[in-house]
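Peer 1: Quick one: sequence and predicted model below, then my questions.
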Amino acid sequence: MARFDVYKYSEGVPLVLDVQADFLSDLNTRMVVPLVALEGAEAEVLPRLKPVLNVAGTPYVMVTTDMAAQPKSALGPLVTNIEDQYRDTVTTALDFLFQGF
């Protein structure tokens with residue numbers, strides 16, 4: 001498990017994004033952010049806080065405000081890692097949530 005990995009999750013929240021530092025991988029939980037399909041969630045989009053990320057060709061809203069710790073066992077299969085495409089975007093959203101900038 002690594003930071004910026006995207007996992008399948010559940011019907012209500014199809015994907016989650018792992019945002020926890022890699023060096024904390026021995027913990028039993030991972031801090032994740034829900035990714036919800038843009039279709040039907042357009043009202044959630046706030047570019048700095050809740051950006052749109054394309055994962056496997058589908059746009060998802062990163063619902064940063066709904067971030068939570070989840071047991072590793074609750075995460076489904078790995079879908080992809082988005083670090084190369086979205087490292088700065090994800091970091092900006094987290095900074096905005098915690099620091100206000």
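Peer 2: Cool, got the structure.

Peer 1: which ones are touching Ile82?
Peer 2: Ile82 is in contact with 4, 6, 17, 53, 55, 90, counting by CB atoms under 8 Å, 6 or more residues apart in numbering. In short, each C-beta sits where N, CA and C put it, glycine included.

Peer 1: do Met67 as well
Peer 2: 19, 31-34, 97.

Peer 1: would you list those in TSV and tack on distance to Glu44?
Peer 2: Compiled in TSV, those are given as follows (distance: CB to CB, whole Å):
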residue	distance to Glu44
Val19	17
Met31	19
Val32	17
Val33	12
Pro34	10
Leu97	14
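
Peer 1: Can you pull up the most central residue in this protein?
Peer 2: Leu17 (2.7 Å; CA atoms, centre = their mean).

Peer 1: neighbours of the closest residue to that one other than its chain neighbours, just the number please.
Peer 2: Excluding the flanking residues, the one nearest Leu17 by CB to CB, 6 or more residues apart in numbering is Val33, at 4.7 Å. For Val33, the neighbour count with other CB atoms under 10 Å is 24.

Peer 1: which strand is the longest one in this structure?
Peer 2: Longest strand in the chain by number of residues (criterion: DSSP state E): strand 29-37.

Peer 1: If you tally nearby residues, what's the number for the residue lying closest to Thr92 once chain neighbours are set aside?
Peer 2: Closest residue to Thr92 apart from its sequence neighbours, by CB to CB, 6+ apart: Arg48 at 6.0 Å. Neighbours of Arg48 under the rule other CB under 10 Å: 13.

Peer 1: residue contacts, Arg48?
Peer 2: Contacts of Arg48 by CB under 8 Å, 6+ apart are 92-93, 96.

Peer 1: what bridges to Tyr7?
Peer 2: Beta bridges link Tyr7 to Val16, Leu78, judged by DSSP bridges.
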